[in-house]
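1. Fold the stuff below for me.
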Amino acid sequence: MNFTFDDDQLAYRDAVDSMLQAEVTADRIRARWESATGIDDALVEQVQALGLGSMLVPESLGGLGLGPVDFILLAEACGRVALPESVVDSVMVATPLLVDVLDRGLGNGSVQRVIEGLCAGELSVGVGHPINPCINFADSTDWLLLARGEALYLVPTDQAELRAVKSVDPSRRLFEVNFEPNPEQRIAEGDAGAALWRSTLNRGALATAAVLLGLSDGIVRQCVQYSSDRQQFGRPIGANQAVKHLMADVAVQMEYARPVIHRAAYTVAVAPTRADFAVSHAKVAAARAALLAGRNGIQVHGAMGYTWECDLHIWVKRAWALTREYGGEGFHKNRIHQWLQQPNALLGPEFTFGRGSLLDSTAA
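-> Numbering: from 1, shown residues only. Presented below is the predicted three-dimensional model:
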């Protein structure tokens, strides 16, 4: 399989990355902590102007008709700057879930209107997957996609009860959500609902893995800059082999995780309900890289790496929080183990290097 991204994909990534690098600084992130909503509305408008809100919406519904493979580089760029806003979740999780509902001939009249509002940047939607106890920025959304058993509900936010929960990451505004199920708000149930939630779990874990990879990259960049500027005994501390090795270890883990994430993006694009093995591999690899980056990054910075004034903790705390988002390491390792035990698992050189396809298997 050719994992090379084309010129258009790379150009789109570069445009988004340049905008984020210029607009999402540590100082502006800290300013969000003191604001009422924790959201930079001007930045959200810029993101919408770049077309991110409609990327994964089919052209027939007014979107750009792109897929997870096109967006995965952009999700990494969002992680690189520790973007507080829930752009990645909105594009990669909420919008595809609503599109899936329409593709299955389910839902009600609200689904179409909400998709149109997302494309226009006029509405925001939060997703309450059963695996996540809280929803980020739930109080700033217009609609919530919520679960009750296997059923899926599209609920106006003002009809749900929100309770604020403190996060280790001050950029996250988490809320526990309670609601009374209303049959008129139910848009899927039974096997269809279970399949939708399964696809959503895979998309969410993939998106989180890409953000974790970006966070790792952001931490490495800060450490390289700091170790180049910090002088000790007349030379930069980055000249010491011990410091270099700390960052080299992180770089190796990132390079192992990157192709795994790209492969998972392709798998989710062609078979989101049967992408468990690829997505779980990506989430485990990305989480390990991010945790190692945080630990080694603090060591590079020394004692000041533990201080509130040092910007490094913005990235490190986000990594700590996201390693458990859409399933922790134990959950995803168990899914990988279950896949490997199946007699028709796609194992062997004919799939790794040959022309075999995951579509050749009917394994769940």
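
2. For residue 81, see how far away residue 26 is.
-> Applying CB to CB, to the nearest Å, the value for residue 26 to residue 81 is 9 Å. Using the backbone N, CA and C atoms, a C-beta is placed for each residue, glycine as well.

3. which of those two has more neighbours?
-> residue 81 (24 against 15; other CB atoms under 10 Å).

4. Next, the residue nearest to the more buried one when sequence neighbours are not counted: phi, psi?
-> Leaving aside its sequence neighbours, residue 81 sits nearest to residue 24 (CB to CB, 6 or more residues apart in numbering; 4.1 Å). Main-chain torsions, residue 24, degrees, to the nearest 10: phi -110, psi 90.

5. cool, residue 183 as well?
-> The phi/psi pair for residue 183 (degrees, to the nearest 10) is phi -50, psi -30.

6. what's around it, how many residues?
-> Residue 183 has 8 nearby residues by other CB under 10 Å.

7. Please read off the pLDDT at it from the model.
-> At residue 183, the pLDDT value in this model is 94.

8. please renumber so the chain begins at 49
-> From this message on, residue numbering opens at 49, which makes the last subject residue 231.

9. For residue 161, see how far away it is.
-> 19 Å.

10. wait, doesn't the residue nearest to residue 129 sit right on residue 135?
-> No. Counting by CB atoms under 8 Å, residue 72 stays clear of residue 135, with 10.5 Å between them.

11. rewinding a little: against residue 289, how distant is the residue nearest to residue 129?
-> Taken as CB to CB, the span from residue 72 to residue 289 is 33 Å.

12. And these two? Which one has more around it.
-> Neighbours were counted for residue 72 and for residue 289 using other CB under 10 Å; residue 72 has more, 20 against 8.

13. residues in contact with the more buried one?
-> Residues counted as contacts of residue 72 (CB atoms under 8 Å, 6 or more residues apart in numbering) are 91, 129, 130, 131.

14. quick one: contacts for residue 263?
-> Counted by CB under 8 Å, 6+ apart, residue 263 has contacts 127, 128, 130, 338, 341, 363, 366, 367, 370.

15. hmm, try it at 6 Å
-> 127, 338, 363, 366, 367 (CB atoms under 6 Å, 6 or more residues apart in numbering).

16. Among the residues you listed, which lie within helices?
-> Using DSSP state H, the subset of these located in helices is 127, 338, 363, 366, 367.

17. check contacts around the last one.
-> Applying CB under 6 Å, 6+ apart to residue 367 gives the contacts 263, 338, 342.

18. do you know how far residue 390 is from residue 117?
-> Taking CB to CB, one finds residue 390 at 26 Å from residue 117.

19. Pull the number of nearby residues for residue 384.
-> Residue 384: 17 surrounding residues under other CB under 10 Å.

20. Contacts only, for it.
-> residue 328.

21. mind running it again at 8 Å?
-> 325, 328, 329, 332.

22. So which of these sits lowest on pLDDT?
-> residue 325 (91).

23. nearest residue to that one other than its sequence neighbours?
-> residue 387 (3.9 Å).

24. Can you tell me how far the one you found is from residue 376?
-> Residue 387 is 18 Å from residue 376, by CB to CB.

25. In terms of neighbours, single out the busier of the two.
-> residue 387 (19 against 14).

26. quick check, residue 200 in a strand?
-> Yes. Assessed by DSSP: H, G, I helix; E, B strand; the rest coil, residue 200 belongs to a strand.

27. Can you name the residues that contact the nearest residue to it once chain neighbours are set aside?
-> Leaving aside its sequence neighbours, residue 200 sits nearest to residue 236 (CB to CB, 6+ apart; 4.1 Å). Applying CB under 8 Å, 6+ apart, we find residue 236 in contact with 149, 152, 154, 155, 199, 200, 244.
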